[in-house]
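1. What follows is a predicted protein model with its sequence.
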Amino acid sequence: MFKKIFIVVVMVVIVLSLYVNFNHNYKGLSKQLKASFMLYNPDKELSYFSLVDHNNNKFDNKNFKDKWTLLSFIYTHCPDVCPTGLMDMSILKSILIKRGASIVPNIVTITFDPIRDTPEVLKTYVTYFDKSFLGVSGNQSQINQLVQDFGAYYERVVYAKNGKSTVFKNDKPLPEWALVAGYLINHTAWIYLVGPNGQIFAGFPLPHNPLEMADDIELLTENY
């Protein structure tokens, strides 16, 4: 338990350190946030990427332009955190709609695991939570670059029958025996708010509270 708490704290520090130079105009706004951290840095643009959504349409940087997007990274074999996060976003969307919010962000989730999470698999999985959710898969190296850009992290773990685990960092290819044996993925579980300029604007760490997240999203979008 201590190890998990330590990892979470370290990841929060790393993520925040990537974005400490956000525009000074948002410093006062950041103090009012309940469930998120301001991550906006006008000098930090996302790397170019070209992936594919669950309808087999191209998904790239242009998909973030001129709209607000809530983005998360998941994998469909996740036993707990990923389905819980998607359920939280479904609840969050409902809250914003019921409030009559002027902006309800698009909800996009990118897989850590394109080997198993094909567009077809993602479509069945993410639309179970909400028909409007969009799953994205594609080239592993480009996904890894996005994971890095967002300050997220994952590693793949294979467990032997004797309980011994073998960890594969995300920049290392999986050997054939690991693909056959199956694997789980340890990962961060932030949800990110991407602004209409296509840049990361804010981030929501665990635990996710949809009511407080809705408050923050309204505050952030109204003061953009």
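-> That came in fine, so what should we check first?
2. Output the helix or strand encompassing G135 as CSV - backbone C-alpha positions only.
-> Assigned by DSSP states H and E, G135 belongs to strand 134-137. These are the backbone C-alpha positions of strand 134-137, laid out as CSV (Å, rounded to 0.1, in the frame of the first residue of the first chain):
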residue,chain,number,x,y,z
LEU,A,134,-14.9,7.8,-28.7
GLY,A,135,-12.2,5.2,-28.4
VAL,A,136,-8.8,5.7,-30.1
SER,A,137,-6.2,3.1,-31.1
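3. List the buried residues for the helix or strand just after that strand?
-> Following the chain from strand 134-137 toward its C-terminal end, the next helix or strand by DSSP H and E is helix 140-149. Using 16 or more other C-beta atoms under 10 Å as the burial criterion, the residues of helix 140-149 that qualify are 140, 142-143, 146-147, 149. Yep, even glycine has a C-beta here, placed from its N, CA and C like the rest.
4. Could you tell me how far helix 140-149 lies from the centre of the chain?
-> Taking the mean of its C-alpha atoms, helix 140-149 sits 12 Å from the chain's own mean (C-alpha atoms, centre = their mean, to the nearest Å).
5. what about the residue lying farthest from the centre of the chain, which SS state?
-> Within the chain, N162 marks the point farthest from the mean C-alpha position, 32.8 Å out by C-alpha atoms, centre = their mean. Assigned by DSSP: H, G, I helix; E, B strand; the rest coil, the conformation of N162 is coil.
6. can you pull the pLDDT of it?
-> The score at N162 is 80. That number is its pLDDT.
7. need the contact list for it.
-> For N162, no contacting residues are found, by C-beta atoms under 8 Å, 6 or more residues apart in numbering.
8. what about this structure, any weak spots by pLDDT?
-> Flagging of the chain using pLDDT under 70 yields the residue ranges 1-25.
9. And the residue nearest the centre of it?
-> For the chain, counting by C-alpha atoms, centre = their mean, the most central residue is S72, which lies 1.9 Å from the centre.
10. quick one on the thing from earlier: can you tell me which of the buried residues of helix 140-149 lies closest to N106?
-> Minimum separation from N106 among those (C-beta to C-beta) is found for L146, which lies at 16.3 Å.
11. That concludes my questions; thank you for your assistance.
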